[in-house]
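Visitor: This is the structure alone, sequence omitted:
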């Protein structure tokens, strides 16, 4: 899969980046001085703030700067357009459009970056990029309260953080994407989170998943569609009008294989975000046509106050303005049509995936019938019963299902069965079953091959502990409560799985076990409520 480097290709115009920022108070000087500094960096020559504030056309070393201002009445409007050729691709021109709207208490700034191609023969890819001007403006001006993406947020410190994130995801008036970045099993992140948030200032909110998060708690609250784990990045797009939120999960292996460097990875995520945000932001753009229209209005008003008739040049300029606005409206219409086509293509793609899934299911069913088997003969019925039930399986049912699925790979002592029978109030059976399954399928082979130091990364720190606390280790009574009889010998089982951290029997359970390396199996001595910190 190749990354999408820009959003729309309409004729020979390509929209690369669009953003709208708001500054507190009169931020005009901060914006224009930032632009002046950027131009000096590009051309090694200074364009004064006064030149950028009027109605001028300036040419400097291949850079063409056009300024339009209408500042006689509030709000003051300014539009600055900068064009320059691509330094490497012949026939490509970069266009940066900066619009400024200044009122008494706030300043709105729109930044739109696009390219103009001489012809369709210019085929070199355009990489997503954020104009450095955005950083200059954020450093020189005071961003308004509530600006999206000023800093990263986090999730995973507690169960309530998932609920807060879900509320934000499903909020109907959310006008920005959310980028959920998860750590891998070694607590490494696939991307520089702070740098990513800097690139997405004003566009999206980056949410960093804490290193010791509990993936089961995350999935319990957010569901699999809105979650991210094992170094994946999940982009949660702006909600549709009907409230539906589209998500796109990029797994760590895909990111590593397709984008081996940090810079390419950052560019890919930026392009994925701008594909979702460019059109809404372009609709909010402060265009030069709007500034020119206000300028003409101010001029006509001044002439009317002086009883002066409109000149032929004024009428000609008004007609040209109308023609320019019509061209923009046509361009917007083409973009909307393309957006509609993309949505339809995505729907068709989902329909194809659904058809393939149904075909695969039918094929498996036919293979089963041809083999002369049915669900009961294959001992699948018990699993189907649990999967189809609305309520959660009990701890004892989880243990029975594991014995059915992996005979010889896991053994439950009587103490484990008894403790599971007593945990009737526990209501998170599917999480428990999932963790037991990972214990046998993922943890056990790694443990037998490389020991616990490697196998432990199958789980997070909140899901698994190799030892008990120092308090337990130094107390004989507490150690006895974690010692169970196996083959007529007492076996202290410090290793344990953890579901939940609160003292709540409905949400919390502990599974104490050890690995019998001779028989190559998991032996579980206890599956019940959190063992007390006193002896039995």
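Guide: Received the coordinates, thanks. All values derive from a computational prediction rather than experimental measurement.

Visitor: can you list the domain ranges for the protein.
Guide: Domains of the chain are assigned by automatic domain parsing as 8-145, 153-258, 310-373, 381-528.

Visitor: downstream neighbour of the lowest-mean-pLDDT helix or strand in the chain in the secondary structure list?
Guide: The helix or strand of the chain with the lowest confidence, counting by mean pLDDT, DSSP states H and E, is strand 8-10 at a mean of 40. Proceeding N to C from strand 8-10, the next assigned helix or strand is strand 13-24, under DSSP states H and E.

Visitor: Give the buried residues for the helix or strand following that next one.
Guide: Next helix or strand after strand 13-24 toward the C-terminus (DSSP H and E): helix 28-43. Buried residues in helix 28-43, counted by 16 or more other C-beta atoms under 10 Å: 28, 30, 31, 32, 33, 34, 35, 36, 37, 38, 39. All C-beta spots, glycine's among them, are computed from the backbone N, C-alpha and C.

Visitor: Contacts only, for the nearest residue to residue 393 once chain neighbours are set aside.
Guide: Excluding the flanking residues, the one nearest residue 393 by C-beta to C-beta, 6 or more residues apart in numbering is residue 429, at 3.8 Å. Contact analysis of residue 429 by C-beta atoms under 8 Å, 6 or more residues apart in numbering lists 392, 393, 394, 395, 397, 398.

Visitor: Rebuild those residues as CSV, extending it with secondary structure and pLDDT.
Guide: What follows is those, written out as CSV (DSSP: H, G, I helix; E, B strand; the rest coil; pLDDT from 0 to 100):
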residue, secondary structure, pLDDT
392, coil, 90
393, coil, 92
394, coil, 94
395, helix, 95
397, helix, 93
398, helix, 94
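
Visitor: now these in TSV, with neighbour count and distance to residue 161?
Guide: Shown next, in TSV, are those (neighbours: other C-beta atoms under 10 Å; distance: C-beta to C-beta, whole Å):
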residue	neighbour count	distance to residue 161
392	17	23
393	21	27
394	19	29
395	29	27
397	18	31
398	25	27
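
Visitor: got these as JSON lines, with distance to residue 218 columns?
Guide: Putting the contacts of residue 429 into JSON lines (distance: C-beta to C-beta, whole Å) gives the following:
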{"residue": "392", "distance to residue 218": "17"}
{"residue": "393", "distance to residue 218": "20"}
{"residue": "394", "distance to residue 218": "23"}
{"residue": "395", "distance to residue 218": "22"}
{"residue": "397", "distance to residue 218": "24"}
{"residue": "398", "distance to residue 218": "20"}
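
Visitor: Please identify which helix or strand holds the residue nearest to the spatial centre of the chain.
Guide: Most central in the chain under C-alpha atoms, centre = their mean is residue 179, positioned 1.9 Å from the mean C-alpha point. Per DSSP H and E, residue 179 falls inside strand 178-181.

Visitor: what's in contact with that strand?
Guide: Contacts for strand 178-181 (C-beta under 8 Å, 6+ apart): 155, 165, 168-169, 189-191, 193, 196, 200, 204-209, 226-228, 233-236, 269, 273.

Visitor: partners of that strand in the sheet?
Guide: Within its sheet, strand 178-181 is paired with strand 205-209 (parallel), strand 233-236 (antiparallel), according to DSSP bridges.

Visitor: Mind checking what helix or strand follows the shortest one in sequence?
Guide: Following the chain from strand 233-236 toward its C-terminal end, the next helix or strand by DSSP H and E is strand 247-250.

Visitor: just checking, next helix/strand downstream of that next one?
Guide: In N-to-C order, the element after strand 247-250 by DSSP H and E is helix 252-258.

Visitor: For this structure, give me the ranges with low pLDDT.
Guide: Counting by pLDDT under 70, the chain shows low-confidence ranges at 1-13, 119-128, 300, 302-306, 308-379, 533-536.

Visitor: what about 50?
Guide: Across the chain, the ranges flagged by pLDDT under 50 are 1-11, 371-378, 535-536.

Visitor: how much space between the residue lying farthest from the centre of it and residue 149?
Guide: Within the chain, the residue lying farthest from the chain centre (C-alpha atoms, centre = their mean) is residue 307, at 59.0 Å. Distance of residue 307 to residue 149, given as C-beta to C-beta, to the nearest Å: 52 Å.

Visitor: Same check on residue 255?
Guide: 21 Å.

Visitor: which residues in the stretch 51-200 of the chain form strands?
Guide: 56-60, 63-70, 76-85, 92-102, 106-117, 153-155, 178-181 (DSSP state E, counting those that start in this stretch).

Visitor: what's the answer for the stretch 401-536 of the chain, then?
Guide: 410-412, 464-465, 483-486, 489-492, 496-499, 509-516, 521-528.

Visitor: nearest to residue 20, of these?
Guide: Minimum separation from residue 20 across the strands of the stretch 401-536 of the chain (C-beta to C-beta) falls at strand 496-499, 44.9 Å.

Visitor: Throw the strands paired with strand 178-181 into TSV and include mean neighbour count and distance to residue 301, thanks.
Guide: Output for those, formatted as TSV (neighbours: other C-beta atoms under 10 Å; distance: least, C-beta to C-beta, whole Å):
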stretch	mean neighbour count	distance to residue 301
strand 205-209	24	43
strand 233-236	24	48
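
Visitor: Now distance to residue 14 too, for those strands, in a markdown table please.
Guide: Putting the strands paired with strand 178-181 into a markdown table (distance: least, C-beta to C-beta, whole Å) gives the following:
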| stretch | distance to residue 14 |
| --- | --- |
| strand 205-209 | 26 |
| strand 233-236 | 22 |
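
Visitor: and residue 520, which of those is closest to it?
Guide: strand 205-209 (33.9 Å).

Visitor: and the next element down the chain from that closest one?
Guide: helix 215-222.

Visitor: Please find the angle between the direction vectors of that next one and strand 205-209.
Guide: The directions of helix 215-222 and strand 205-209 differ by 140 degrees, with axes from the mean of the first three to the mean of the last three C-alpha atoms, to 10 degrees as the criterion.

Visitor: Does anything pack onto helix 215-222? Which helices or strands?
Guide: helix 159-170, helix 429-438 (3 or more C-beta pairs under 8 Å, 6 or more residues apart in numbering; DSSP states H and E).

Visitor: how about 6 Å then?
Guide: Contacts defined by 3 or more C-beta pairs under 6 Å, 6 or more residues apart in numbering; DSSP states H and E place helix 215-222 against helix 159-170.

Visitor: And the contacts of the helix it packs on?
Guide: Residues from elsewhere that reach helix 159-170 (C-beta atoms under 6 Å, 6 or more residues apart in numbering): 155, 217, 218, 221, 222, 226, 236, 245.

Visitor: make it 7 Å
Guide: 155, 174, 178, 207, 217, 218, 221, 222, 226, 236, 245 (C-beta atoms under 7 Å, 6 or more residues apart in numbering).

Visitor: Could you tell me how many residues sit around the fifth one?
Guide: Taking other C-beta atoms under 10 Å as the criterion, the count of residues near residue 217 is 22.

Visitor: so what's it closest to, chain neighbours aside?
Guide: residue 159 (5.7 Å).

Visitor: Over to the first one?
Guide: Taking C-beta to C-beta, 6+ apart as the measure, residue 155 lies nearest to residue 161, with 4.6 Å between them; neighbours along the chain are not counted.

Visitor: Count residues in the vicinity of that neighbour, would you?
Guide: For residue 161, the number of neighbouring residues by other C-beta under 10 Å comes to 20.

Visitor: just the one 3 residues further on next, same as before
Guide: The burial count assigned to residue 164 is 13, neighbours taken as other C-beta under 10 Å.

Visitor: what do you get for residue 212?
Guide: 13.

Visitor: That one and residue 460 touch, don't they?
Guide: Yes - with contacts counted by C-beta atoms under 7 Å, residue 212 reaches residue 460, the gap being 6.0 Å.

Visitor: for residue 227, phi and psi?
Guide: phi -100, psi 170 (degrees, to the nearest 10).

Visitor: And it, how far from residue 204?
Guide: 18 Å.
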